[in-house]
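In: Requesting a structural model of the entry that follows:
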Amino acid sequence: MEETFMEFWLREAFGVVKDYFLFAGGAFVLFYFILKKPLWFRKVQKKMPKNKDYFRDIMYSLISVTIFATVALFVFYFYMPQTNIYFDFNDHSLGYYLFTWVWMFLLHDTYFYWMHRAMHHPKIYKHVHLVHHKSTNPSPWTAYAFHPIEGFFEAMIVPLIAFTVPVHISSIGLFFLFQIFYNVYGHLGFELYPKGFHKTWIGKYVNTSVAHNLHHKRFDGNYGLYFLIWDRMMGTVREDYDSTFEETTRRHDEKVSQHI
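Out: Prediction:
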């Protein structure tokens, strides 16, 4: 029996809620309780958010989830035949399948960078993006804490992917699962990449938790999502990024030994 549009919407909404609480909740328990003490030296801002911050972020995130589910409803339920999504692996080669992953990452990162910078326009920021920036010390719960208008524009990456180059349905599902994971990492408040990663040939172009944490703390610069490619091209990498990354990934005993 074919799903009704309401059944489809509820399934999509439940799926995104489940993934959000799985990744954000799991990261919260792991880093803010279990590993808090041993990894405290990797906490970007040496303080914890307040309970009201967690509650606000969760409430706005649940609103964002309903928006994502509604956009998915229109794309995958009403307009699926018009999309470029394919279901048979034999329609394209394995090399093409892997290429679409590169394409989705670059497309999403480019879209996010310029949309994000637009959200920082003074007339938009104070009415829309400020909701996300109320978390000056973000936590995993901040990942989807958007004003409904911003939530809509965040969700528009779904039709952008679906209506451009052909993409297999499995890669879309896995890609959006990964973007939840990386969004949670970006707002984690702890840096997971190893010391010196930001200076490697690839690390220079990878967005990190430190980079995005500085964006929340200082309100500008470091606009990327997965990468710092556009930030480096446009000169929007914060000047304090390197020093903050080095400070965050340096153990306390190393700092002590340097002064002996």
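In: all strands for this structure, in order.
Out: Along the chain, the stretches classed as strands by DSSP state E are 85-86, 167-168.
In: Sheet partners, orientation included, of the last one?
Out: Think strand 167-168. Counting by DSSP bridges, the strands paired with strand 167-168 are strand 85-86 (parallel).
In: about what we covered before: can you list the strands of the chain in TSV and add mean pLDDT, mean neighbour count and distance to Met6?
Out: C-beta here means a position set from N, CA and C on the backbone, and glycine is covered the same way. Putting the strands of the chain into TSV (pLDDT from 0 to 100; neighbours: other C-beta atoms under 10 Å; distance: least, C-beta to C-beta, whole Å) gives the following:
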stretch	mean pLDDT	mean neighbour count	distance to Met6
strand 85-86	97	17	22
strand 167-168	98	22	26
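In: Rebuild the ones you listed as TSV, extending it with distance to Asn213.
Out: Supplementary listing: the strands of the chain in TSV, determined by distance: least, C-beta to C-beta, whole Å:
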stretch	distance to Asn213
strand 85-86	35
strand 167-168	31
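In: Can you check which of the ones you listed gets nearest to Leu22?
Out: strand 167-168 (23.4 Å; C-beta to C-beta).
In: what's the spacing between the closest one and its chain's center?
Out: Relative to the chain's own centre, strand 167-168 is displaced by 21 Å; criterion: C-alpha atoms, centre = their mean, to the nearest Å.
In: Stretch 179-196 now?
Out: 9 Å.
In: do stretch 94-104 as well
Out: Distance, centroid of stretch 94-104 to centroid of chain: 20 Å (C-alpha atoms, centre = their mean).
In: try stretch 124-136
Out: Using C-alpha atoms, centre = their mean, the offset of stretch 124-136 from its chain centre is 16 Å.
In: what's the burial count for Leu130?
Out: Applying other C-beta atoms under 10 Å, we find 14 other residues in the vicinity of Leu130.
In: That one and Lys43, how far apart?
Out: Separation of Leu130 from Lys43 (C-beta to C-beta, to the nearest Å): 25 Å.
In: For Tyr60, which non-adjacent residue is closest in space?
Out: Leaving aside its sequence neighbours, Tyr60 sits nearest to Ala145 (C-beta to C-beta, 6 or more residues apart in numbering; 4.1 Å).
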